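Trainee: below is the structure, and that's it, no one-letter string:
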């Protein structure tokens with residue numbers, strides 16, 4: 001295997017040494033964890049974006065496969081996985097990012113492997129949203145100045161009019177909709193956007209340029225686009241949705257998956273500004289924002305809009321998807337025993353006004369699982 005330079009190789013070899021040492025400690029004491037190995041913790045703390053970069057290097061299936069194959073030969077396993085990553089990144093033509101992490105990847109990989117191997121539970125939600133981290137409990141507009149303005153659905157237009165007096169109306173401000181909420185937004189051009197719980201959207205108070213552009217950072221949104229000579233575009237990670245028709249949904253609930261469902265009109269979806277793929281009414285497009293892989297299938301569009309009317313639903317879909325929806329709506333975290341099959345298909349249809357206790361009881365009967373509340377907003381899920 002080739003290294004970028006001598007400095008990177010030395011750093012990589014140091015990572016292997018740390019990984020081997022940490023693994024030896026773990027083998028000698030079942031209760032050992034990263035807290036007892038400050039060399040790794042110090043590096044992680046000083047490089048907060050490293051884990052995100054590693055996650056972008058390898059897809060979920062690859063990590064799961066490697067964890068299952070993990071054995072006592074830590075050095076060999078890390079080197080082999082590191083080489084796999086190098087090949088993947090070469091295919092993605094992202095060598096600059098690879099060079100920036102090549103020397104320390106081994107440390108993070110071994111830390112991730114150990115934590116995944118030791119952890120008895122899978123966690124939903126997998127990441128903490130901005131709204132939860134900032135303890136935002138009401139739909140909130142975050143201005144470019146950093147000021148946070150809580151929005152009232154009934155008085156929203158007047159609030160925006162007041163805000164536009166003191167800010168640049170074409171600047172993109174971020175609207176954060178926390179769990180247990182949804183928000184109906186009317187854009188300056190008359191288009192309508194409904195944001196699902198735990199979603200984030202950036203948009204300008206006024207469209208003054210040649211295009212109408214928004215960015216969906218997280219979550220799910222339903223759009224009814226007003227006809228206008230200016231193109232309407234939605235940016236999601238590395239993808240761009242060009243809107244040629246009126247009604248559609250876009251979602252980005254779990255990295256790197258992006259989805260778009262068309263109800264009326266026509267959409268064009270492009271990856272990294274490449275040739276776009278056009279979808280027609282009744283079609284769902286799924287895009288991997290890492291690889292650019294796309295898949296289109298016919299769907300029942302009525303069932304995919306239930307959340308707009310305040311319902312959680314699944315129609316022969318994985319249990320994981322149902323729990324993700326419940327997590328977003330009720331602002332709770334599930335710790336799922338690894339013995340639970342998260343891919344079993346379930347049918348469910350719940351009004352979000354129902355008490356959480358009733359919802360969980362119904363899911364227990366549907367999926368033959370057991371929820372146990374361990375603390376406020378945290379539940380274990382076992383067989």
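Mentor: Yep, it's here. Just so we're clear, the structure is a prediction, and the values are computed from it rather than from any experiment. Numbers count the residues shown, from 1 in each chain.

Trainee: give me the pLDDT value at the nearest residue to residue 307 once chain neighbours are set aside.
Mentor: Among residues not flanking residue 307 along the chain, residue 196 sits closest, at 5.5 Å (C-beta to C-beta, 6 or more residues apart in numbering). C-beta coordinates here come from the backbone N, C-alpha and C atoms, glycine included. pLDDT for residue 196: 96.

Trainee: ditto for residue 334
Mentor: 95.

Trainee: again, but for the one 5 residues further on
Mentor: pLDDT, the model's per-residue confidence, is 88 for residue 339.

Trainee: contacting residues around it?
Mentor: 382-383 (C-beta atoms under 8 Å, 6 or more residues apart in numbering).

Trainee: if we use 10 Å, what do you get?
Mentor: Going by C-beta atoms under 10 Å, 6 or more residues apart in numbering, residue 339 touches 120, 369, 381-383.

Trainee: so which of these comes closest to residue 174?
Mentor: residue 381 (32.4 Å; C-beta to C-beta).

Trainee: pretty sure the closest one is touching residue 124, no?
Mentor: Yes. Contact criterion C-beta atoms under 10 Å: residue 381 and residue 124 qualify, at 8.6 Å.

Trainee: which parts of the stretch 151-300 of the chain are helices?
Mentor: Ranges of helices in the stretch 151-300 of the chain, per DSSP state H, counting those that start in this stretch, are 156-164.

Trainee: hmm, residue 275 is touching residue 268, no?
Mentor: Yes. The pair residue 275 and residue 268 passes the contact test of C-beta under 10 Å, sitting 9.3 Å apart.

Trainee: which segments of the protein make up each domain?
Mentor: Under the assignment automatic domain parsing, the domains of the chain span 6-119, 130-304, 310-382.

Trainee: lowest average confidence across those, which one?
Mentor: domain 6-119 (a mean of 48).

Trainee: looking at residue 275 and residue 268, which is more packed in?
Mentor: residue 268 (16 against 7; other C-beta atoms under 10 Å).

Trainee: list the contacts of the more buried one.
Mentor: By C-beta under 10 Å, 6+ apart, the neighbours of residue 268 are 233, 240-244, 260, 275-279.

Trainee: as JSON lines, the contacts of residue 339 with secondary structure, distance to residue 297 and neighbour count would be great.
Mentor: JSON lines is the format used below for these (DSSP: H, G, I helix; E, B strand; the rest coil; distance: C-beta to C-beta, whole Å; neighbours: other C-beta atoms under 10 Å):
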{"residue": "120", "secondary structure": "coil", "distance to residue 297": "35", "neighbour count": "10"}
{"residue": "369", "secondary structure": "coil", "distance to residue 297": "28", "neighbour count": "20"}
{"residue": "381", "secondary structure": "strand", "distance to residue 297": "29", "neighbour count": "24"}
{"residue": "382", "secondary structure": "strand", "distance to residue 297": "33", "neighbour count": "13"}
{"residue": "383", "secondary structure": "coil", "distance to residue 297": "31", "neighbour count": "10"}
